[in-house]
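**Student:** Just a sequence and a predicted model for now, questions to come.
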Amino acid sequence: MPLTSINDFVVKFANVNGSGSASANLLFAKSILRMGVPVAPRNIFPSNIQGLPTWYEVRVSGSGHRGRRGGVDLMVAMNPQTWDRDVAEVEPGGYLLYDSTKPLPPSKFRDDVTVIGVPLTAICNAEYADPRQRQLFKNILYVGVLSALLGIDPAVIETLLAEQFKGKEKLVAANVHALHLGRDHALANLTCPIGLRVEHSDAVGERIFVDGNNAAGLGCVYGGATVAGWYPITPSTSVVEAFGKYCKKFRTDPDTGKARYAIVQAEDELSAIGMVIGAAWNGARAFTATSGPGVSLMQEFFGLAYFAEIPAVLIDVQRGGPSTGMPTRTQQSDVLACAYASHGDTKHVLLFPEDPKECFDFAVQALDLADRLQTPVFVMSDLDIGMNEWLCEPFTWDDTRHMDRGKVMTAEELEAGKDFGRYKDVDGDGIPYRTYPGTHPARGAYFTRGTSKDPYARYSEEGAVYVDNVQRLLRKFATAARLVPAPVPRPARQATRFGVIHYGSTGPAMAEALEVLEGQGLHVDALRVRAFPFDDSVIEFIERHDTVFVVEQNRDAQLRTLLINEGAIDPAKLMPVLHYDGTPITARFIVSAIGEKLSAYNVAPQHMAPKRKVVS
């Protein structure tokens, strides 16, 4: 039987990179969103410019699920290279839409899938003479076909096209014409709609549709950053591009047109982080954005900033590694590299955003934390969050909020004779006072050292002096644990001896997986970790459970390693659940993995207790 579902299904487009399909596929996703139905798109694309397979997956979820479900209900198969793989991915009872201009043998199809053939190439060849137009408009043509098959309001798509090509009326008209070529063909030759349908809803609410890199760039503006030193690298490049775009709007003097910001593209990542550290030492709020290979190159400067105690913010949009790895695939594989970045004993503050909303919030908070703690702070985004559009809560801002510059001694305090020791702990929190260059003509100066020093920044290799200094840095790290974002708990509906810890972009798929497991009578307490150093409640959560699953998108269970190392946890208590093929984790994968592990513990499903009936 063909699948039937309203506002709850997965459509996947299989295309060739460089064919112009990306904008058409996004148009499809946005049209459903404009009908008030939540969508969760994922772009899975190659690292070359043209020619390799690319996929675009759209999760249509009236209930608002934002993670990947797993499985495909309707495959739009436009790439002969990946045909067999794409057809195999369709759910039993699902649908396959393909270009039927050239006939395919029956062996290329499945008996349990409804096949929908449309001669897209033939239609385009008859309508357009220019080869490039034929290719580009073929993409809009299949959007038109889908609008008829799924019941998508064509007026919504036309409005989106008018917005996309505003001021270019000929392009608007040409795209609308191609849209209706496909739609009219489908209405005249196919059974429309099919079992999968989109109906107008109001489930989107006030949420916004944005990617994490744009959100982080805007967060840096609101957080007070005025300097970005960077070197382009996939998938982080658009963070600084967004920062520049928003700076032109918000950091340009309206009277003189003068820029009140500096963005410097360095010759490499090492230079980029050096610029950030230099600017921050001089009193500016500064940041860089990179990915794993850039983190590797910046290691020595991270150690300098940590030991000399200079603020710096790095937005790490993680990708598949090691080495060049998979530049356009997502992973959470830089956790340990950033937590202990540089040689010697170092520990850095990490923030783990779940979505673009937290990319914005954490970019702001990272700049505050870096100043407050006088140390590097890492915002650990990833490609899934950074380069895909997400539905998330609107960004909010309190106009009364002031930047937390931390312990900065003023000229007035120095003039009054206040004792200044650059690396002296006067409050017991491990954080010393600093001065900006030029604060006072005769007082408050110091030599910024990457070498061992005493509390007054004087060079010293005495063992006791060194030990005192690095122990103070540990006290500062303990202070950081009280300042970073707190973990988010999700208790199970029934008491359980099992828990799960997750972080970052695993969150949406994890939330859905927990619902599914609960529906199966399998109850697991959950905790979403949002920062390192860990809050005490993270260790307490582990101690309260017999077994805790740690869900991650890397091979080596890096967060689990960090928990064991920092919390002195028995490794046997932490069970890794690992997904690292470069695609975003799915709810089905989590359900299957945790379900299998619970079965190994001989855990029988516990039927849900009946809800109490409330009589008013």
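**Tutor:** Here it is on my side, so go on.
**Student:** and residue 440, what does it touch?
**Tutor:** By Cβ atoms under 8 Å, 6 or more residues apart in numbering, the contact set of residue 440 is 411, 414-415. Bear in mind the C-beta positions are built from the backbone N, C-alpha and C, glycine included.
**Student:** Tell me the pLDDT of it.
**Tutor:** Each residue has a pLDDT score; the one for residue 440 is 96.
**Student:** do residue 616 as well
**Tutor:** 30.
**Student:** thinking again about what came up before, the contacts of residue 440, buried ones only, as a ChimeraX selection?
**Tutor:** Here is the ChimeraX command that selects the buried residues among the contacts of residue 440 (16 or more other Cβ atoms under 10 Å):
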select :414
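**Student:** Would you mind putting the contacts of residue 440 into JSON lines with secondary structure alongside?
**Tutor:** Formatted as JSON lines, the contacts of residue 440 follow (DSSP: H, G, I helix; E, B strand; the rest coil):
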{"residue": "411", "secondary structure": "helix"}
{"residue": "414", "secondary structure": "helix"}
{"residue": "415", "secondary structure": "helix"}
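**Student:** could you pull out the strands for the stretch 251-400 of the chain?
**Tutor:** Shown for the stretch 251-400 of the chain, the strands assigned by DSSP state E, counting those that start in this stretch span residues 262-265, 286-290, 312-318, 349-351, 376-382, 389-392.
**Student:** which helices and strands does the helix or strand harbouring residue 83 pack with?
**Tutor:** Applying DSSP states H and E as the criterion places residue 83 in helix 83-88. On a contact count with 3 or more Cβ pairs under 8 Å, 6 or more residues apart in numbering; DSSP states H and E, helix 83-88 meets strand 72-77.
**Student:** The strand it packs on - what's its average pLDDT?
**Tutor:** Over the span of strand 72-77, the pLDDT mean works out to 98.
**Student:** Touching it from outside, list them.
**Tutor:** So strand 72-77 is contacted by 3, 5, 9-14, 57, 83, 86-87, 89-91, 94-98, 142, 146, 150, 196 (Cβ under 8 Å, 6+ apart).
**Student:** So which of these belong to strands?
**Tutor:** Within those, residues falling in strands by DSSP state E are 5, 9-14, 57, 90-91, 94-98, 196.
**Student:** Read off the pLDDT value for residue 612.
**Tutor:** pLDDT at residue 612 comes out at 35.
**Student:** likewise residue 258?
**Tutor:** Looking at residue 258, the pLDDT reads 95.
**Student:** That one reaches residue 251, doesn't it?
**Tutor:** No. The criterion here is Cβ atoms under 8 Å, and residue 258 misses it with residue 251 at 9.8 Å.
**Student:** okay, those two: which has more neighbours?
**Tutor:** residue 251 (17 against 9; other Cβ atoms under 10 Å).
**Student:** Tell me who's in contact with the more buried one.
**Tutor:** Neighbours of residue 251 in contact, by Cβ under 8 Å, 6+ apart: 221, 226, 259-261.
**Student:** out of the ones in strands among the contacts of strand 72-77, who has the most neighbours?
**Tutor:** residue 13 (29 neighbours).
**Student:** Report the beta-bridge partners for it.
**Tutor:** Residue 13 has these beta-bridge partners by DSSP bridges: residue 56, residue 76.
**Student:** gap between the most centrally placed residue in the chain and residue 319?
**Tutor:** Centroid check for the chain by Cα atoms, centre = their mean gives residue 385 as the closest residue, at 2.0 Å. To residue 319, residue 385 is 12 Å away according to Cβ to Cβ, to the nearest Å.
**Student:** In contact with residue 373, which residues?
**Tutor:** 311, 349, 406, 431, 476, 479-480, 483 are the contacts of residue 373 under Cβ under 8 Å, 6+ apart.
**Student:** Among these, which lie within strands?
**Tutor:** Per DSSP E, the contacts of residue 373 map to strands at residue 349.
**Student:** ok, the contacts of residue 373 vs residue 450, which is closest?
**Tutor:** residue 311 (15.5 Å; Cβ to Cβ).
**Student:** burial measure for that closest one, as a count.
**Tutor:** 30.
**Student:** How about the one 10 residues further on?
**Tutor:** By other Cβ under 10 Å, 21 other residues sit near residue 321.
**Student:** what separates it from residue 386, distance-wise?
**Tutor:** Counting by Cβ to Cβ, the gap from residue 321 to residue 386 is 16 Å.
**Student:** and if you look at residue 99?
**Tutor:** Taken as Cβ to Cβ, the span from residue 99 to residue 386 is 32 Å.
**Student:** neighbour count winner among those two?
**Tutor:** Using other Cβ under 10 Å, the more surrounded residue of residue 99 and residue 386 is residue 386, with 31 against 21.
**Student:** pLDDT score assigned to that one?
**Tutor:** pLDDT, read off for residue 386, is 98.
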